[in-house]
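Engineer: Structure for the following, please:
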Amino acid sequence: MRIRRSVTRFFGALLIPAVCIAITGYYGYYLLAGPRGLLALADARARLDVANANLAQVRVDEARITHRIALLKAQDPDLIQELARQQMLGTEPGQISVPRNGH
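Structural biologist: Next up is the predicted model:
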């Protein structure tokens, strides 16, 4: 009877620390390796850097297009001539067209 009581006390005394260690281990694992843990933080920051670079490129494109729209609304003669040459001569970007006189 004494042995049974001492074994029961021993395991009873270990029950609360074992539960605490299990809970700490559970939350510690998810702190490090969980989907929102510290190891996933580096991946999230890398994806954020890529998204910020894409956003910067989109903003540059938006500024360029907004500028061209403002020029079209102001009826800028250089832009109108450029658009007419592109449509009439079928030029590619960066290609120079030289009009011929007499033909």
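
Engineer: how close does Q57 sit to R45?
Structural biologist: 19 Å (CB to CB, to the nearest Å). From N, CA and C alone the C-beta is placed, and that goes for glycine too.

Engineer: secondary structure element for the residue nearest to the spatial centre of the chain?
Structural biologist: Note on the chain: the residue nearest the mean C-alpha position is A51, at 2.9 Å, using CA atoms, centre = their mean. In this structure, A51 sits in helix 38-73 according to DSSP states H and E.

Engineer: I'd like to check the angle between the following helix or strand past that helix and helix 38-73, please.
Structural biologist: Tracing the chain C-terminally past helix 38-73 and defining elements by DSSP H and E, one meets helix 77-89 next. On the basis of axes from the mean of the first three to the mean of the last three CA atoms, to 10 degrees, helix 77-89 is oriented at 100 degrees to helix 38-73.
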